[in-house]
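J.: predicted model and sequence follow; I will ask about them next.
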Amino acid sequence: MKKTCIRIGKAAGSSLPLSQAVKVENIGGLVFTSGIMAMDPKNPDKLYLDGDIKGQTEQALLQLQEILEAAGTSFDNVIKVNIFLTNIRRDYDGMNEVYAKFFTDAKPARRTVEAAFTVDTLIEIDMVAVV
């Protein structure tokens, strides 16, 4: 697989930890994750509600990392991320700080929006990755 991250200085988000687009050639398969909320690592049937946005972001990303590994891929092969926050004005910077630690080199294309959930969580994340 050849993955090329597209970043142009004129586009919105050029200084954020994301790519405006990702071009993929010679792909063998894709993995689409479900929306993942931060689940309690000690009890995966319960939400991890103890943390602030940084803690919940980290926990959701750690779970996604495990899911991607089980599918035979990794964060290095993620090409698209959708992030849903319950309060984008309050939580965007904290989420971005943690997210940037997981995607250091080839940053995937990303969309971040505010959303309402039926449970008390601050964040939900889904991804598309190449296998």
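T.: Perfect, thanks for sending it.

J.: what about Ala60, how many neighbours?
T.: 26 (other C-beta atoms under 10 Å). Using the backbone N, CA and C atoms, a C-beta is placed for each residue, glycine as well.

J.: make sure it is indeed in a helix.
T.: Yes: assigned with DSSP: H, G, I helix; E, B strand; the rest coil, Ala60 falls within a helix.

J.: now do the contacts for it.
T.: By C-beta atoms under 8 Å, 6 or more residues apart in numbering, the contact set of Ala60 is 36-38, 123-125.

J.: where does pLDDT dip in the chain?
T.: 6-16, 18-23, 25, 27, 44, 50 (pLDDT under 70).

J.: show me what contacts the spatially closest residue to Gly28 that is not a sequence neighbour?
T.: Nearest in space to Gly28, with sequence neighbours left out and distances taken as C-beta to C-beta, 6 or more residues apart in numbering, is Val131 at 6.0 Å. Val131 makes contact with 27-31, 71-73, 77, according to C-beta under 8 Å, 6+ apart.

J.: could you tell me which of those residues count as buried?
T.: For the contacts of Val131, a neighbour count by 16 or more other C-beta atoms under 10 Å gives the buried set as 31, 71, 73, 77.

J.: for the residue nearest to Gly28, give its distance to Ile79.
T.: Distance of Val131 to Ile79, computed by C-beta to C-beta, to the nearest Å: 11 Å.

J.: ok, Val119 next?
T.: From Val119 over to Ile79 the distance is 28 Å, taken as C-beta to C-beta.

J.: which one's more surrounded, these two?
T.: Ile79 (21 against 8).

J.: for the more buried one, which three-state class applies?
T.: Ile79 is classified as strand under three-state DSSP.
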